[in-house]
Every structure is written in structure tokens, then in C-alpha cells.
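Participant: give me a 3D structure for the following:
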Amino acid sequence: MQSNHRDVASVWDMAQAIRYIQAFTINLSFEEYLNDIRTRSAVERQFEILGEAARRISEDFRQVHLAIDWQRIVGLRNIVIHRYDEVDQDIL
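Facilitator: Prediction:
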């Protein structure tokens with residue numbers, strides 16, 4: 001499989017979103033996180049980006065990386081965006 005430019009960019013976006021989530025939450029307890037609407041909003045936004053980037057990954061790339069549950073990543077993005085009132089912070 002030869003990676004295309006879009007796959008490379010999407011994987012980079014996914015990694016960057018993960019780094020941001022880690023940076024936003026590194027020194028917070030779960031209770032502090034729950035009580036900080038800015039941090040919760042920022043984390044949710046990064047999960048949106050993570051899922052959108054995963055959605056853009058080509059089928060060829062997905063087939064080579066079967067250990068990654070692409071559908072669940074995209075599904076989480078859909079919940080955060082479309083069913084935001086159902087977001088379970090324990091799962092995030």
C-alpha cells in the first residue's frame with residue numbers, strides 16, 4: 001500500500017488532536033475536568049477533529065491497519081457533533 005497525501009495529512013491531524021487532548025487534561029483530575037467547561041469543550045472539539053480525520057482515511061489505508069477501530073472513532077465524532085446532549089464524559 002502506498003500512502004496518499006490525504007492519508008498522511010489525516011493521520012497527522014489525528015495525532016495532533018490526541019496531543020492536544022493530552023495537553024489539555026494532563027494535570028486535571030476527572031472532577032476538575034468535569035467542572036471546567038472550557039476544557040471539556042476543547043477536548044470535545046479535538047475528538048471531533050480526530051473523528052473527522054479518521055473518516056477521511058482511505059479504505060486501502062484502513063485495510064492495512066485493521067487493528068484500529070475506524071468505525072468507532074468516526075462514530076464517536078458523530079455523537080459529539082450530532083448528539084452532543086448524549087456525550088458521556090466517562091467514555092470520553
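Participant: pLDDT weak spots in this protein?
Facilitator: 1-3 (pLDDT under 70).
Participant: that one: helices as residue ranges?
Facilitator: Per DSSP state H, the chain carries helices over the ranges 5-25, 30-34, 37-56, 59-64, 70-82.
Participant: could these be laid out in JSON lines, adding mean neighbour count?
Facilitator: For the C-beta atoms, the positions are set from N, CA and C on the backbone; glycine is no exception. Below are these laid out as JSON lines (neighbours: other CB atoms under 10 Å):
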{"stretch": "helix 5-25", "mean neighbour count": "15"}
{"stretch": "helix 30-34", "mean neighbour count": "11"}
{"stretch": "helix 37-56", "mean neighbour count": "17"}
{"stretch": "helix 59-64", "mean neighbour count": "13"}
{"stretch": "helix 70-82", "mean neighbour count": "15"}
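Participant: dump those helices to a markdown table, plus distance to L92.
Facilitator: A markdown table is the format used below for the helices of the chain (distance: least, CB to CB, whole Å):
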| stretch | distance to L92 |
| --- | --- |
| helix 5-25 | 9 |
| helix 30-34 | 9 |
| helix 37-56 | 7 |
| helix 59-64 | 23 |
| helix 70-82 | 8 |
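Participant: closest one to D88 among those?
Facilitator: helix 70-82 (8.7 Å; CB to CB).
Participant: tell me which other helices or strands the closest one touches.
Facilitator: In terms of contacts (3 or more CB pairs under 8 Å, 6 or more residues apart in numbering; DSSP states H and E), helix 70-82 is packed against helix 37-56.
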